[in-house]
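J.: Give the three-dimensional model of this entry:
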Amino acid sequence: MNSPMIKPLDAVWLMMETDETPMHMGVLAIFRKPQTTASNYFADLARSMRSVPPVAPWNCRVSRRVGYRLIEEKNFDIDYHFRRSALPEPGGERELGQMISSLHSTALDPHRPLWEVHLIEGLERNRFALYVKVHHALVGGVNGIPPVLATLSASARARGAEPLWAQPIVNSDQQDDLTDTLQWPGLSTTVDSLTTMGRAALGLLRGAIRPSERNSFLFPRGTPRSTLNRHITAQRRFATQQFEQQRIEALADATDSTVNEILTYLCGSSLRRFFKEYNALPDESLVGVIPVSLQERGQHLAGNAIAGLRVPLGTHIADPLRRLQSVKTALKEVREDRASLPEDSVTSYVMLRAAPLYASQVAGVGQFVPPLYNLAISNTLGEERPLYLNGARLEAVYPLSPLMQFTALSIDCVSYAGTLNIGFTGARETLPHLQRMAVYLGKALEDLEELVAEGELA
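T.: Got it, this is the predicted structure:
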């Protein structure tokens, strides 16, 4: 096969990777076994998955000799990339969380194709899990949820599902049109490309005059240096929370809010309680960054293009209703900021906009760069229908994010079959009691429901 170059905005994830900040994303999918299964259920499932050969890019490793290229791995070892494990008893959420935290802390082997899949047995209540780990350079978008869900079926009777590595990663047909002019070294010097790049840069610089844009990703202000902005190591912790989506929607209707606004409010409320408990809450509001995938914008794509939009979480506000209003105002500005992202020249715009972020990851430099944000927050639309893996119903699915240096936390939500599934990925030494944050998120939801029930919004 040919050895295609990795597109520039995908290669950035490879260049930012260090021993302490591996740039892989993860997905934890929890299934309930079919009611009638044989004793060899897992052995048969593992055997059928191992029997399927990988297709590109799953059978390719990254070569860094001349730029970044994908090269077919001649000695591909399926037993290395697909592994079968079992939880120690009692196989509860605690044991699963410990295993996932350990798996997510280990970097992918750069000399092999950059992915792993773990089949995990022994989960209580007749359940099992799949943990998928794949490098951000291979999978576009904010997280790896879409390609994982694409391997599942909407029918409980369907069998013979092909594993993740049997399906190519589908990119837009238009992507190559633009990226042909973006291969390194050099960019296109046509009048059109220079004009559109200039417009993107000029528009961004003009925005420095406007207060709303001075609080953007390129011209940040008001981000406190918090516990979350300390140097981190590669060790991770992972915690989860799950809500019925109708609870969030009911609160959104009652408070004239959107689901995203309620979720962001809950994150800020959880963080406020968590850091007050440790006497570490900054006087200014903690700031989250919302990663926005540009894959869906217009017809000009540039590989794994992601922009970051900053939103204050109102953690400095004690009154919950004032905090909610603050979040709603902040997210209104974020929506306006997102709408301003250009349909063309996405690469030049994102590179310029994210330049401070890249600078913060440079060894010996990052500690001197003021924090652009304190944590990452994302919300991904999943699937409304129940999904199945060879008859096993998917009950929950959680994203796990890579962490940047000096950013110790990412809170990521995905909707699925009437539920909202929230994953907390944190640096282990910075956040040793991460599960409390998930618990406090649930308490914040209950508190807001009580305020609504008591008519405090009237």
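J.: what bridges to P399?
T.: Listed by DSSP bridges, the beta-bridge partners for P399 are V27.
J.: roughly how far apart are it and H136?
T.: According to CB to CB, to the nearest Å, P399 and H136 sit 12 Å apart. Bear in mind the C-beta positions are built from the backbone N, C-alpha and C, glycine included.
J.: Spit out the residues that contact those two alike.
T.: M25 (CB atoms under 8 Å, 6 or more residues apart in numbering).
J.: check contacts around the residue lying closest to Y80 once chain neighbours are set aside.
T.: Excluding the flanking residues, the one nearest Y80 by CB to CB, 6 or more residues apart in numbering is R112, at 6.7 Å. Each residue near R112 by CB under 8 Å, 6+ apart is listed here: 61, 73, 77, 80-81.
J.: who wins for neighbours among those residues?
T.: H81 (23 neighbours; other CB atoms under 10 Å).
J.: what sits against that residue?
T.: So H81 contacts 54, 112-113, 115-117, 165 (CB under 8 Å, 6+ apart).
J.: hmm, try it at 7 Å
T.: Residues counted as contacts of H81 (CB atoms under 7 Å, 6 or more residues apart in numbering) are 113, 115-117.
J.: Cross these against strands and list the overlap.
T.: Mapping those onto strands (DSSP state E) picks out 115-117.
J.: could you redo those residues as CSV and give each row neighbour count, pLDDT and distance to V414?
T.: CSV is the format used below for those (neighbours: other CB atoms under 10 Å; pLDDT from 0 to 100; distance: CB to CB, whole Å):
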residue, neighbour count, pLDDT, distance to V414
W115, 21, 97, 19
E116, 20, 98, 20
V117, 21, 98, 18
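J.: How is M437 assigned, secondary-structure-wise?
T.: Following DSSP: H, G, I helix; E, B strand; the rest coil, the label given to M437 is helix.
J.: Not counting its neighbours along the chain, what's nearest it?
T.: M437's closest residue in space is F274 (CB to CB, 6+ apart), at 4.9 Å.
J.: Okay, helices next: where are they in this structure?
T.: Here the chain has its helices, by DSSP state H, at 8-15, 41-50, 78-81, 93-105, 145-149, 175-179, 191-206, 211-214, 245-254, 259-277, 320-339, 346-353, 355-360, 434-453.
J.: Out of the ones you listed, which gets the lowest mean score?
T.: When these are compared by mean pLDDT, helix 175-179 comes last with a mean of 31.
J.: And the closest residue to E277 other than its chain neighbours, how far from G314?
T.: Spatial nearest neighbour of E277, excluding adjacent residues (CB to CB, 6+ apart): R436 at 7.6 Å. R436 sits 20 Å away from G314, going by CB to CB.
J.: Compare those two and say which is more crowded by neighbours.
T.: Between R436 and G314, counted using other CB under 10 Å, the more crowded position is G314 (26 against 18).
J.: Find the residue ranges of the stretch 1-150 of the chain scoring beneath the pLDDT cut-off.
T.: Low-confidence segments of the stretch 1-150 of the chain, defined by pLDDT under 70: 1-2, 141-142.
J.: give me every residue that touches the residue nearest to M437.
T.: 436-437, 440.
J.: which one among those gets closest to S270?
T.: Y440 (4.2 Å; CB to CB).
J.: the domain parsing of the protein - what is it?
T.: Per automatic domain parsing, the domain ranges recorded for the chain read 8-166, 200-380+404-453.
J.: so which of those comes closest to Y388?
T.: The nearest among the domains of the chain, by CB to CB, is domain 8-166 at 5.0 Å.
J.: Show me which positions of stretch 415-430 end up buried.
T.: For stretch 415-430, a neighbour-count test (16 or more other CB atoms under 10 Å) marks 415-417, 419-428, 430 as buried.
J.: so how far is it off the chain centroid?
T.: 9 Å (CA atoms, centre = their mean, to the nearest Å).
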